[in-house]
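> Fold the following for me, if possible:
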Amino acid sequence: MTIPKRKLPISADTFIAGAPDSKSLAAVEEVKNRRVTRSIGNKLIISVSIGPDALDAVDAWASKRSMSRAAAIAYAISLLPE
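Residues are numbered from 1 along each chain as shown. This is a model prediction of the structure:
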């Protein structure tokens with residue numbers, strides 16, 4: 001198993017310059033475009049916040065189909081129109 005290389009964190013100056021009230025537009029764009037994720041194989045690991053009622057609905061739907069929660073969410077996303 002290979003260990004993926006971590007992205008180096010942005011510098012403190014770049015982070016501060018990326019504040020909404022900053023004068024540096026380039027730094028703001030750099031912070032906005034930064035994607036913070038981890039990956040395993042060809043899949044990205046993300047974190048999503050969801051309400052308890054919606055989570056219960058996803059879990060119930062997935063369990064009726066013998067699917068994991070992650071598989072159910074991935075399936076639902078795959079149904080989105082392009």
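
> Just the CA atoms from the biggest helix by length in the chain would do, formatted as PDB, please.
Across the chain, the longest stretch assigned as helix under DSSP state H is helix 52-64. Extracted in PDB, the C-alpha atoms of helix 52-64 (Å, rounded to 0.1, in the frame of the first residue of the first chain):
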ATOM      1  CA  PRO A  52     -30.300  13.800  11.400                       C
ATOM      2  CA  ASP A  53     -33.600  13.200   9.600                       C
ATOM      3  CA  ALA A  54     -31.900  13.000   6.200                       C
ATOM      4  CA  LEU A  55     -29.200  10.700   7.500                       C
ATOM      5  CA  ASP A  56     -31.900   8.400   8.900                       C
ATOM      6  CA  ALA A  57     -33.600   8.400   5.500                       C
ATOM      7  CA  VAL A  58     -30.400   7.500   3.700                       C
ATOM      8  CA  ASP A  59     -29.600   4.700   6.200                       C
ATOM      9  CA  ALA A  60     -33.100   3.300   5.900                       C
ATOM     10  CA  TRP A  61     -33.000   3.400   2.100                       C
ATOM     11  CA  ALA A  62     -29.500   1.800   2.100                       C
ATOM     12  CA  SER A  63     -30.400  -1.000   4.500                       C
ATOM     13  CA  LYS A  64     -33.400  -2.000   2.500                       C
END
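
> what's the average pLDDT for it?
Averaged over helix 52-64, pLDDT sits at 96.

> what does the helix or strand just after it contact?
Next along the chain after helix 52-64, taking DSSP states H and E as the criterion, comes helix 69-78. The contact list for helix 69-78 (CB atoms under 8 Å, 6 or more residues apart in numbering) reads V48, V58, D59, W61, A62, R65, M67. Any C-beta I mention is one placed from the backbone N, CA and C, and that applies to glycine too.

> Quickly name whichever of those residues is closest to A12.
Distance to A12, by CB to CB, is smallest for V48 among the contacts of helix 69-78, at 28.2 Å.
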